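Asks: Quick one, structure for this:
(chains A and B)
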Amino acid sequence: MTAVDNTPVGAGSAGPDRGTSAPSHRAAPTRRRRPPTALLGVAGLVGLLVLVQILPSTPLVSSRYLPPATEILAALVELLGDGAFWSALGDTLTGWAIGLAVAVTAGIVLGVLIGSVPALRAVTASTIEFLRPIPSVALIPLAVLLYGTGLESTLLLVVYAAFWQVLVQVLYGVQDVDPVADETARSYGLGRWARIRHVIWPTSLPYVMTGVRLAAAVALVLAITAELVIGAPGLGNRIAVAQTSGAVDLMYALVVVTGLLGVGINLIARAVERRALSWHQSMRGEVIV
Amino acid sequence: MRRPLVALTLAAALLVTAACGSDSSTDEAGGTDDVTDVTVGIIPIVDVAPIYLGEEKGFFAKRGINLTMESGQGGAAIVPGVVSEQFQFGFSNVTSLLTAQTRDVPVQIVANGVASTGNPDADFGGVVVREDSPIQTAADLAGKKVAVNTLKNIGDTSVRESVRKAGGNPDDIEFVEMAFPQMPAAVENGDVDAAWMVEPSLAIAKDAGGRVVAWNFVDTAPNLTVAVYFTSTKLAQENPELVERFQEAMAESLSYANAHPDEVRTVLRSYTDIDQAILDAMTLPLWPAEINRASIERVAELGLADGVFESEPDLDALLP
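Replies: Below you'll find the model as predicted:
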């Protein structure tokens, strides 16, 4: 309720590892420790590149099937100048973004609805537990039958996989509401909508964020899988064509692109999550105390 | 190419009633002056070069067909896609369609797709072994581990026939399933004793020192029809005029591709990523305008003997 203006108050006690925006004299030691971690990350990447560079010249793998890193990177550079590549990347990101948006919206709305009505929760529990573990890829024949090989098929798989990630997290989040806070809100005469807005939503937010982060990664995996298997336009389809053509360097270059996409999506999701969570922790600190 | 899709075709047959209710596609069946949007489900491989070439040359446009190619990987999506009318036509190997026919999946062949060269020295598909392999002839494949792209399909049937013709015993060959692009590496690493592959994997394997010990298409039937274009029985009945236009355009495209191998190699660069050196080294298949019915009868016969089909395929119902 008074959550908006209390960020600095809670910051000292709530966020031991979130010192990025904290006073600078405190941040000094952590800043000194940080370069090594970043360096280690870079070193790991360089190590991987060196390994991929050396491996093909050993008898372990033939360079025919695993080209050295320099050749993969050369193919990658060539890709960047190819218009068809950018439109494939666009197709993949479109499928990912629309699918994720639908899944997150549906997951949050249904999660809050089901979670806050005990009867609904009881009725749907077993159905959710039955539907959730069905692998999205198992729905490929159905998707093709209903929507052919276009964007809709990709969306079906992406939404199905990402939706459960969000829904289940939201359900846990809603369940986690502090009964005292809820009772207090009731005794202050807050209506259902106000309680959702000021009690349930802030409590579920960290769960929602976890769900969104997981869903973002799963959505990318499924978008590319759908393109690879069904042949819907996008990076996955390009990988499949490169593979059937025996263009090994191009195929690995595309695989590298999907990896970079995954890293990018994860970084953004984490940044968003960190913001939302720091706000929430201070909020929760105050409510519990 | 060629997955049998037993499960998928079954799913298709079961769900087709559900899917039929949905929308569009049977649209303005009008006169030849109208332009009809036609979607063809294909696999982006060498075999379908004529349809790309034909589109480029305007063979479809001049018959009022506005062509869109939907490329499904491995063809898994094509039979269900055609049955549910997402695609008006599809590309599939003959054995998969024969299997579908014996399972009452409502499909019908409309045009030739691709055929073996019939040349016992150079075809677009063959069985490859490693350079230093003790296997010298098809007969030596007996009892060996041989990779095919799909079990219970044209690969194992035709390889068995090669072994039989060479005087070997095909009964104890161990067939394993593997995608074509993986085969050159599997042969070179010795994971399998031999692999049946088609272009461009065949050229890649030969480039890596592989040796062809059998031309299984050539051994199966003279000028074997390997794959064809097909449609749903429903569309064939409701819109025979569209089918006819497609057949004419396909026939012209196939003949053109057969006569212009250089243009085929050029058009291949538009929808595949095949390396130029491999592209030049590849053996192109034949693209006759007519389906070789005798060869399909032979495939049906061999497949029935090998237990690929549960009942005898009805060729009169399947062929145009």
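Asks: dump the residue contacts of the residue nearest the centre of chain A.
Replies: In chain A, the C-alpha nearest the mean C-alpha coordinate belongs to A:A216, at 2.5 Å (C-alpha atoms, centre = their mean). Neighbouring residues of A:A216 by C-beta atoms under 8 Å, 6 or more residues apart in numbering or on different chains: A:100, A:162, A:265-266, A:268-269. C-beta coordinates here come from the backbone N, C-alpha and C atoms, glycine included.
Asks: Now the buried members of those.
Replies: A:100, A:162, A:265, A:269 (16 or more other C-beta atoms under 10 Å in any protein chain shown).
Asks: From those, pick out the ones that also neighbour chain B.
Replies: Near chain B, judged by C-beta under 8 Å from any C-beta of the partner chain, there are no entries from the buried ones among the contacts of A:A216.
Asks: Quick one: list the elements packing against the host helix or strand of A:R275.
Replies: For A:R275, the host element (DSSP states H and E) is helix A:248-288. Packing partners of helix A:248-288 (3 or more C-beta pairs under 8 Å, 6 or more residues apart in numbering or on different chains; DSSP states H and E): helix A:7-14, helix A:69-80, helix A:83-116, helix A:201-230, helix A:235-244.
Asks: what do you get if the cut-off is 7 Å, keeping everything else the same?
Replies: Other helices and strands packing on helix A:248-288, by 3 or more C-beta pairs under 7 Å, 6 or more residues apart in numbering or on different chains; DSSP states H and E, are helix A:7-14, helix A:69-80, helix A:201-230, helix A:235-244.
Asks: how about the helices in chain B?
Replies: Along chain B, counting by DSSP state H, helices occupy B:6-20, B:49-56, B:78-83, B:94-102, B:154-165, B:183-189, B:201-207, B:216-220, B:233-238, B:240-259, B:261-271, B:276-281, B:293-306, B:315-318.
Asks: Would you mark the buried spots in the longest one?
Replies: Meaning helix B:240-259. B:242-243, B:245-258.
Asks: will you turn the helices and strands packed on helix A:248-288 into JSON lines that also has mean pLDDT?
Replies: Converted to JSON lines, the helices and strands packed on helix A:248-288 look like this (pLDDT from 0 to 100):
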{"stretch": "helix A:7-14", "mean pLDDT": "36"}
{"stretch": "helix A:69-80", "mean pLDDT": "88"}
{"stretch": "helix A:201-230", "mean pLDDT": "90"}
{"stretch": "helix A:235-244", "mean pLDDT": "89"}
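Asks: Throw those helices into a markdown table and include distance to A:P118, thanks.
Replies: Output for the helices and strands packed on helix A:248-288, formatted as a markdown table (distance: least, C-beta to C-beta, whole Å):
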| stretch | distance to A:P118 |
| --- | --- |
| helix A:7-14 | 31 |
| helix A:69-80 | 53 |
| helix A:201-230 | 16 |
| helix A:235-244 | 42 |
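Asks: which residue does chain B bring closest to chain A?
Replies: B:Q86 (3.3 Å; C-beta to the nearest C-beta).
Asks: That residue reaches A:G148, doesn't it?
Replies: Yes. The pair B:Q86 / A:G148 is scored as a contact, 3.3 Å apart, by C-beta atoms under 7 Å.
Asks: Quick one: residues contacting the closest residue to the residue nearest to the centre of chain A other than its chain neighbours.
Replies: Excluding its sequence neighbours, the residue lying closest to A:A216 (C-beta to C-beta, 6 or more residues apart in numbering or on different chains) is A:A269, at 4.8 Å. Applying C-beta atoms under 7 Å, 6 or more residues apart in numbering or on different chains to A:A269 gives the contacts A:212-213, A:216.
Asks: mind checking how far B:N189 is from B:A214?
Replies: 21 Å (C-beta to C-beta, to the nearest Å).
Asks: So which of these two has more stuff around it?
Replies: B:A214 (30 against 12; other C-beta atoms under 10 Å in any protein chain shown).
Asks: now, among the contacts of A:A269, which is nearest to B:G81?
Replies: A:A216 (29.8 Å; C-beta to C-beta).
Asks: Can you give me the neighbour number for B:P261?
Replies: Neighbour tally, B:P261, other C-beta under 10 Å: 12.
Asks: wait, doesn't it sit right on B:L286?
Replies: No. Using C-beta under 7 Å as the test, B:P261 is too far from B:L286 to be in contact (10.5 Å).
Asks: Determine the residues that are contacts of both of those two.
Replies: Counting by C-beta under 7 Å, 6+ apart, B:P261 and B:L286 have no shared contacts at all.
Asks: which phi and psi does the residue in chain A that chain B sits nearest to have?
Replies: Nearest residue of chain A to chain B, counting by C-beta to the nearest C-beta: A:G148, 3.3 Å away. Recorded main-chain torsions at A:G148 are phi 70, psi -150, according to degrees, to the nearest 10.
Asks: How many residues are close by it?
Replies: A:G148 has 25 neighbours, counted by other C-beta under 10 Å.
Asks: residue contacts, it?
Replies: B:70, B:81, B:86-87.
Asks: Make sure A:G246 is indeed in a helix.
Replies: No. With DSSP: H, G, I helix; E, B strand; the rest coil as the criterion, A:G246 is located in coil rather than a helix.
Asks: Now for it: which residues touch it?
Replies: Listed by C-beta under 7 Å, 6+ apart, the contact partners of A:G246 are B:181, B:200-201, B:204, B:274-275, B:278.
Asks: do that again at 6 Å, thanks
Replies: Neighbouring residues of A:G246 by C-beta atoms under 6 Å, 6 or more residues apart in numbering or on different chains: B:200, B:204.
Asks: and what of A:V52?
Replies: Residues near A:V52 by C-beta under 6 Å, 6+ apart: A:A69.
Asks: State the pLDDT value of it.
Replies: Per-residue confidence for A:V52 comes out at a pLDDT of 82.
Asks: re the thing from before, the residue of chain B closest to chain A: how many residues sit nearby?
Replies: Count around B:Q86 with other C-beta under 10 Å applied: 26.
Asks: near chain B, which residues of the stretch 51-200 of chain A?
Replies: A:64-65, A:141, A:144-145, A:148-149 (C-beta under 6 Å from any C-beta of the partner chain).
Asks: could these go into TSV alongside distance to A:G44 and pLDDT?
Replies: As requested, these are exported to TSV (distance: C-beta to C-beta, whole Å; pLDDT from 0 to 100):
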residue	distance to A:G44	pLDDT
A:R64	27	77
A:Y65	24	81
A:P141	40	80
A:V144	40	78
A:L145	44	77
A:G148	42	74
A:T149	38	75
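Asks: Which of those sits closest to A:A74?
Replies: Relative to A:A74, the closest of those is A:R64; by C-beta to C-beta it sits at 16.2 Å.
Asks: Near that closest one, how many other residues are there?
Replies: 16.
Asks: Apart from its chain neighbours, what residue comes closest to it?
Replies: Nearest one to A:R64, counting by C-beta to C-beta, 6+ apart, is B:A208 at 5.8 Å.
Asks: residue contacts, that neighbour?
Replies: Contacts of B:A208 by C-beta under 6 Å, 6+ apart are A:64, B:184, B:188.
Asks: try B:E131
Replies: Counting by C-beta under 6 Å, 6+ apart, B:E131 touches B:209, B:211.
Asks: Give me the pLDDT value at it.
Replies: If you check B:E131, the pLDDT there is 88.
Asks: Then B:D23?
Replies: pLDDT for B:D23: 39.
Asks: Any idea how many residues pack against B:R298?
Replies: B:R298 is flanked by 19 other residues according to other C-beta under 10 Å.
Asks: That one contacts B:P222, correct?
Replies: No. Contact criterion C-beta atoms under 6 Å: B:R298 and B:P222 do not qualify, at 9.1 Å.
Asks: Farthest-apart pair in the contacts of A:A216, please.
Replies: Most distant of the contacts of A:A216, by C-beta to C-beta, are A:A162 and A:I268, 15.4 Å apart.
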